[in-house]
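Student: Output the structure for:
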Amino acid sequence: MTQSLWLGTIDPVSLPSLPASTTCDVCIIGGGLTGLYTAYVLAKSGVDVVLLEANSHIGHGTTGNSTGKLTAQHSIVYANLIEKLSVDEARLYYQLNQIAVEKALQLLPKASIQQVDSLLYCQTKEGYAQLLKEWNAYKVLNIKAKLTSDTELPFPVTKALSMSQQAQIHPVEVCNFLAKEAISMGAKIYTNTRVKQLNLPQNNLHTANDMSVRYNKLILCTHYPIEAFRGLQLFKLSNSRSYMVASKITDTLQGQYLCVDTPTRSIRTATINGEHYLVLGGANHIAGETTNTEPYYDAIQNEMKAYFDQEPIYRWSAQDIETPDMVPYVGRITPSLPNVFIATGYRKWGISNSFVAGDILSSLITGAGNEDGAIPLYSPARTKSFGDQFMQMLKVGGFVAKEFVAGYVKHANTPTCTHLGCKTKWNEADGTWDCPCHGSRFNAKGEVLEGPAVHPLKLD
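Tutor: Presented below is the predicted three-dimensional model:
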């Protein structure tokens, strides 16, 4: 069965759909971790918040299909940030994400979060070179860590780079907690409420059930922003899909692991309702690029059996979005629309960055908080990395154009994506229609699973 461990081990919170047209100060679209934490922070500040989630339950999108790793160790990132940006900006990125870890450890119920060490490891000479480069970046940025040969893993590693005082969460349980807290502070959260039209100049939107919401400020927390033309995010964001499996295990690991070699592998454990689970992930490819995805599951399932002697009981995939310079886009979508905000481009590290994003968005909207340095670093309008952005636009634009044309030549009879008209591809392993152009995803009935599409497929 294709279902994540997190979605399969917790009862969802029952919330109503939007019953009638309404008005609010801030409307948030998206009921994942970013949207819910932002709603919590804003409601705590006394802001009138309405959150709309298209799915039947909160936390059932990207958040519920994540690894649940809450860490400032975002693979090989700090050496790259120093090169792409600066030492000060790389240090700030670390500090913001480490603060997010510490804040979550204080805020969240103990049953939903555990403190662990995070480790990057390698098994090849090429990986070791990358690890040493990252280790040197840690030293430049004064990040506390250690290089070690000792791990709990059941196979040999060349070296591992360990960062202490990190965490891991049950992401759906955390979403449920934040929703309850936000509602208790006055936020209104509605599920089964899909937005089908944005009227940005008029500050209102319309839902699929013919309701409208008039707002003063709008926040798009929909993973891939459904309004991406305004700041040209459409051509700056790239999509990738990765695969995960989970099995029961007799005991948990003290750390969580990520291999920096190719192919990458993510390893963590979790304890849920008194039972221990192992989560193994990896096997990346461009979202919607291939129809035969079963080999990606096979690869990690075989490794789970070979190294851990376990058979998976859960398997699922997740889609991740990346910006050109590795830092997410959080803030005003464009200076010409100062009341519209986005949060996207987390590059697989959306758990810690969701907390960072919520604080940035709250600071921008309320004027409170101390996010002055974070706001320009995460700004969607930043231009310092223009070269990277331009190359990403060429890369994404070229890929989209190629897939658009190829879709009509090779897949003329497949359903057309309702976002911008690309031809979808059937994903055999997950049972979904995937769009290779911008990552929209639909189930076998044509219903939207992931945006930016907001309308269902026509399966005539």
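
Student: list the contacts for G255?
Tutor: Residues in contact with G255 (Cβ atoms under 8 Å, 6 or more residues apart in numbering) are 116-119, 151-152, 162. Every residue, glycine included, has its C-beta placed from N, CA and C.

Student: Quick check: which ranges of the stretch 251-400 of the chain have low pLDDT?
Tutor: For the stretch 251-400 of the chain, the stretches flagged by pLDDT under 70 are 285-291, 370-371, 383-400.

Student: any idea where the helices of it begin and end?
Tutor: Applying DSSP state H, counting those that start in this stretch to the stretch 251-400 of the chain gives helices spanning 294-308, 350-366, 374-378, 386-410.

Student: which intervals of the stretch 1-150 of the chain have sub-threshold pLDDT?
Tutor: Segments of the stretch 1-150 of the chain classed as low confidence (criterion: pLDDT under 70) are 1.

Student: Find me the pLDDT at R230, would you?
Tutor: On the pLDDT scale, R230 is placed at 47.

Student: Kindly apply the preceding question to A412 instead.
Tutor: Note on A412: pLDDT of 48.

Student: And the one 5 residues further on, by the same measure?
Tutor: At C417 the predicted local distance difference test score is 76.

Student: Could you tell me how many residues sit around it?
Tutor: 27 (other Cβ atoms under 10 Å).

Student: what do you get for P16?
Tutor: Number of residues near P16 (other Cβ under 10 Å) recorded here: 11.

Student: What of D11?
Tutor: Using other Cβ under 10 Å, D11 has 8 neighbouring residues.

Student: For L105, give its distance to L120.
Tutor: Distance, L105 to L120, using Cβ to Cβ, to the nearest Å: 21 Å.

Student: Of those two, which one has the most company?
Tutor: L120 (25 against 17).

Student: mind listing what the residue nearest in space to the middle of the chain touches?
Tutor: Compute the mean C-alpha point of the chain, and by Cα atoms, centre = their mean the closest residue is G350, 4.1 Å away. Counting by Cβ under 8 Å, 6+ apart, G350 touches 32-34, 62-63, 66, 320.

Student: filter these to the buried ones?
Tutor: Buried members of the contacts of G350, counted by 16 or more other Cβ atoms under 10 Å: 32-34, 62-63, 66, 320.

Student: Of the residues you listed, which belong to strands?
Tutor: Within the buried ones among the contacts of G350, residues falling in strands by DSSP state E are D320.

Student: Can you convert the buried ones among the contacts of G350 into a markdown table and add a column each for distance to P415?
Tutor: Formatted as a markdown table, these follow (distance: Cβ to Cβ, whole Å):
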| residue | distance to P415 |
| --- | --- |
| G32 | 26 |
| L33 | 30 |
| T34 | 29 |
| T62 | 22 |
| T63 | 27 |
| S66 | 27 |
| D320 | 24 |
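
Student: isn't V101 right up against Q168?
Tutor: No. Applying Cβ atoms under 8 Å as the test, V101 and Q168 come out as separate, 10.1 Å apart.

Student: out of the two, which sits in the busier spot?
Tutor: Neighbour totals were compared for V101 and Q168, and Q168 leads with 25 against 22 (other Cβ under 10 Å).

Student: State the distance from that one to L258.
Tutor: According to Cβ to Cβ, Q168 and L258 sit 12 Å apart.

Student: With Y78 instead?
Tutor: Y78 sits at a distance of 14 Å from L258 (criterion: Cβ to Cβ).

Student: next one: Y378
Tutor: Computed with Cβ to Cβ, the distance linking Y378 and L258 is 23 Å.

Student: just D372 next, same as before
Tutor: As judged by Cβ to Cβ, D372 and L258 stand 31 Å apart.

Student: now Q197
Tutor: Distance from Q197 to L258, by Cβ to Cβ: 40 Å.
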